[in-house]
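Student: show me the folded form of this:
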Amino acid sequence: MIKERVKLDGPPGTGKTQKLISICEDLIAKGVMPWEIIFCSFTRSAAKVARDRAMARFGGTKEDYPWFSTEHSICFRLLGLRRDQVFNRQRLREFGRMYNYEFSGDNGDDTIESRYQEAMLKTVADHYEFFVSYMENRMLPFEDAYREFVRSGAVPDGFTRAGLERYIERRAAYKEENRLWSFGDMIRATLQMGLFPDGVRVLILDEAQDCSRLLWELIRFWSSKVESYYIAGDPLQTIYFWAGSSPELFFEFPGDEEVLSQTHRFGREIKEYAERIVAPTGLPFPEFESAQKASSVSRQSFYSIDWQNIDDAFLLVRTRWLISQIVDYFIGRGIPFVSERGRQSPLATTTGRAFHSLLRLRDGRQVSDTEIKNLVKHTRTPFLERGAKTRIGKLMEGMYHKWELKEMGFTDRFMDALHDSYTDILCQGVDDWEKLYLHKVYERAGIEVFERGSNLVVTTLHASKGREKPRVFLCPDMTDTVWRNFLVDRMPETLLNYVGATRASEELTVLVPQKDYFFPLPRLERG
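Tutor: Residues are numbered from 1 along each chain as shown. Here you go, the predicted model:
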């Protein structure tokens, strides 16, 4: 095997992950064994795709590809840890109950990448825990980290140095008493103990721009142990600054540089606008060709857009708080949408699924046992007989017609309402505004939108990374906290908006700001 030290700069849509997967497949085809390769990435999905493709081509089981995972998972395995030894969210909340620390809610996904998606900081305890990650990922001593943290303006009322020091002391004692490991602990221990998988000859790293300084130290150590390495990323898509990532860390890492020179995502107009977004940072813009396809960039007011007829698009905003305002607007006007962060669209709730079941029953179509069980959660007397929910809970798997419902305990009143006033059936744990919204959506878009779902996705800039849509609406509005941080350091928000703009494959629409604080997106050039 020829020794190589390759660093791939992959602009949006140029196929970084696919390039690395191809390299991996070529290595295996030339005789490198799967267990001789580390294929790691910041998220599990990229490593899983590489493993699955290699397995499909070369065979074997997951055990033959032990090092296709995230950096943190590899360290977890090298250290021989068990899942009950991880300082996860459940343990964090247990710690909080011991000392009366309040932590805000989360989506239940307890992976390192989910923690990096967005920093959801509401309580003082959230900020204390965030500071620990801030300090560890930057590899800073307490004094330096505290000085930077306070200067950033990120501290809320009630956040004090004494309180922070007490929090860190209690947290360390709780972890030691319960023999728990944080993600940062795993990385540091792997470095301190010099742990590296036996027999590994090749290191492949995807999404390198997301690595913190601590992770780069790990990659630097591992890269010194292999015959060849292939590092891929896009420094202009560095968006986890708060977690310690930085474009400079990618630029500083040694390797024979190669730019993937052809994007297949967007045409010249979007590429040129994206370049104008990042120009104020002074970071080098890579030389790559735009796709040979039509694309456009326009500016429009949020309220002038016919959202009812927008399909297959992202509406990208900075924070979940801004999403909640958009959700209120869409719900009030019966606009079909999906919300990935914060408040859900009623279309995606159990209420929405029950409403859909009623439409299908009314039209004489079958519904499944699961749909019937969901429906009964949202109705009661006079539409159900006494004891009906118990009987339906034991319903056998299968598909059922409406004429079979009476035997299950649905009443004549249910059958009458199904055709005359079906929304009245949803009377258990359902608000009137939900029923009104669902009815409006049905009247305007028909049952099809319930069948296929809406392709208008409201989400955050962070959550859009690695994805694309034909059309993207880019909202520049900021909260006052984000604005204050922006005034201290403009780089993070600039690169975040670059990521948002480059999600569009055909049309990029820059929305007119509605708030006092907003990111200064470039003006559109005339002619």
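Student: where's residue 272 relative to residue 502, distance?
Tutor: Distance, residue 272 to residue 502, by C-beta to C-beta, to the nearest Å: 12 Å. From N, CA and C alone the C-beta is placed, and that goes for glycine too.
Student: higher neighbour count, the two?
Tutor: A direct count of neighbours by other C-beta atoms under 10 Å for residue 272 and residue 502 places residue 502 higher, at 27 against 14.
Student: pull out the buried residues from stretch 508-523.
Tutor: Residues 508, 509, 510, 511, 513, 517, 518, 519, 521, 522 are the ones in stretch 508-523 that count as buried (16 or more other C-beta atoms under 10 Å).
Student: identify the farthest-apart pair in those.
Tutor: Across the buried residues of stretch 508-523, the longest distance by C-beta to C-beta is 21.8 Å; it joins 508 and 517.
Student: start from the N-terminal end of the stretch 1-150 of the chain and give the strands.
Tutor: Assigned strands in the stretch 1-150 of the chain, in chain order: 5-9, 37-41, 68-70 (criterion: DSSP state E, counting those that start in this stretch).
Student: nearest to residue 391, of these?
Tutor: Residue 391 lies closest, by C-beta to C-beta, to one member of these: strand 68-70, at 46.3 Å.
Student: show me what the closest one is packed up against.
Tutor: Helices and strands touching strand 68-70, as assessed by 3 or more C-beta pairs under 8 Å, 6 or more residues apart in numbering; DSSP states H and E, comprise strand 37-41, helix 44-58.
Student: please identify the deepest-packed of those.
Tutor: strand 37-41 (a mean of 27; mean count of other C-beta atoms under 10 Å).
Student: parallel or antiparallel, which strands does it pair with?
Tutor: Strand pairing for strand 37-41, determined by DSSP bridges: strand 68-70 (parallel), strand 202-206 (parallel).
Student: and for the first one, what's in contact with it?
Tutor: Okay, so that is strand 68-70. Applying C-beta atoms under 8 Å, 6 or more residues apart in numbering, the external contacts of strand 68-70 come out as 34, 37-44, 47-48, 50-51, 54, 77, 111-113.
Student: quick one: low-confidence ranges for the stretch 251-400 of the chain?
Tutor: Residue ranges of the stretch 251-400 of the chain with pLDDT under 70: none are present.
Student: what about the helices in it?
Tutor: Assigned by DSSP state H, counting those that start in this stretch, the helices in the stretch 251-400 of the chain fall at 268-278, 320-332, 350-362, 369-376, 388-393.
Student: of all those, which one is nearest residue 420?
Tutor: helix 350-362 (10.0 Å).
Student: mind listing what's buried in the closest one?
Tutor: Residues 351, 352, 353, 354, 355, 356, 357, 358, 359, 360, 361 are the ones in helix 350-362 that count as buried (16+ other C-beta under 10 Å).
Student: for stretch 467-475, same thing?
Tutor: Buried residues in stretch 467-475, counting neighbours by 16+ other C-beta under 10 Å, are found at 468, 469, 471, 472, 473, 474, 475.
Student: pull the most distant pair out of these.
Tutor: Every pair of these checked by C-beta to C-beta; the farthest is 468 and 475, at 17.5 Å.
Student: average pLDDT for stretch 17-31?
Tutor: Averaging pLDDT along stretch 17-31 gives 94.
Student: centre of the chain to that stretch, how far?
Tutor: What separates the centre of stretch 17-31 from the centre of its chain is 27 Å, taken as C-alpha atoms, centre = their mean, to the nearest Å.
Student: kindly report the same for stretch 354-366.
Tutor: 33 Å.
Student: got the CA positions of that stretch in CSV?
Tutor: This file holds the C-alpha atoms of stretch 354-366, laid out as CSV (Å, rounded to 0.1, in the frame of the first residue of the first chain):
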residue,chain,number,x,y,z
ALA,A,354,-56.2,10.3,14.5
PHE,A,355,-57.7,13.0,12.2
HIS,A,356,-56.2,11.2,9.2
SER,A,357,-57.7,7.9,10.4
LEU,A,358,-61.2,9.6,10.6
LEU,A,359,-60.8,10.9,7.0
ARG,A,360,-60.0,7.4,5.7
LEU,A,361,-62.8,5.7,7.7
ARG,A,362,-65.3,8.3,6.4
ASP,A,363,-64.1,7.6,2.8
GLY,A,364,-64.7,3.9,3.3
ARG,A,365,-61.0,3.0,3.5
GLN,A,366,-59.4,0.6,5.9
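Student: ok, residue 506 touching residue 296?
Tutor: Yes: when contacts are counted by C-beta atoms under 8 Å, residue 506 is listed as touching residue 296 (7.4 Å).
Student: more crowded one of the two?
Tutor: More crowded of residue 506 and residue 296, by other C-beta under 10 Å: residue 506, with 19 against 15.
Student: any buried residues in stretch 434-445, and which?
Tutor: Quick answer for stretch 434-445 (16+ other C-beta under 10 Å): 434, 435, 437, 438, 440, 441, 442, 445.
Student: just the closest of these to residue 23, please.
Tutor: Lowest distance from residue 23 to these (C-beta to C-beta) belongs to residue 445, with 45.3 Å.
Student: wait, the closest one sits on residue 335?
Tutor: No: look at residue 445 against residue 335 with C-beta under 8 Å: they stay out of range, at 9.0 Å.
Student: what pLDDT does the closest residue in space to residue 483 that isn't next to it in sequence get?
Tutor: Excluding its sequence neighbours, the residue lying closest to residue 483 (C-beta to C-beta, 6 or more residues apart in numbering) is residue 517, at 3.7 Å. Looking at residue 517, its pLDDT is 95.
Student: contact partners for residue 517?
Tutor: By C-beta under 8 Å, 6+ apart, residue 517 lies in contact with 477, 478, 479, 480, 482, 483.
Student: dihedrals phi and psi, it?
Tutor: When read as degrees, to the nearest 10, the backbone of residue 517 gives phi -110, psi 130.
Student: overlap in contacts of residue 445 and residue 335?
Tutor: Common contact partners of residue 445 and residue 335 (C-beta under 8 Å, 6+ apart): residue 308.
Student: which residue is the nearest non-sequential neighbour of residue 27?
Tutor: Distances taken as C-beta to C-beta, 6+ apart put residue 202 closest to residue 27, at 6.0 Å, once the chain neighbours are dropped.
Student: thought residue 409 was touching residue 387?
Tutor: Yes: if you go by C-beta under 8 Å, residue 409 and residue 387 touch, sitting 6.7 Å apart.
Student: when the two are compared, which one has more neighbours?
Tutor: Counted by other C-beta under 10 Å, residue 409 and residue 387 do not tie: residue 409 has more neighbours, with 18 against 9.
Student: and the lengthiest strand in the chain, what does it pack against?
Tutor: Identified as the longest strand of the chain according to DSSP state E is strand 504-511. Applying 3+ C-beta pairs under 8 Å, 6+ apart, one finds that strand 504-511 contacts helix 268-278, strand 296-300, strand 469-474.
Student: what lines up beside it in the sheet?
Tutor: As defined by DSSP bridges, the strand partners of strand 504-511 come to strand 296-300 (parallel), strand 469-474 (parallel).
Student: can you give me how far the next helix or strand after the last one is from the chain middle?
Tutor: So that's strand 469-474. Remark: after strand 469-474, the chain's next helix or strand is helix 480-488, criterion DSSP states H and E. Averaging C-alpha positions (C-alpha atoms, centre = their mean) puts helix 480-488 22 Å from its chain's average.
Student: for stretch 57-66, same thing?
Tutor: Per C-alpha atoms, centre = their mean, the displacement of stretch 57-66 from the mean C-alpha position of its chain is 28 Å.
Student: same deal with stretch 475-489?
Tutor: 21 Å.
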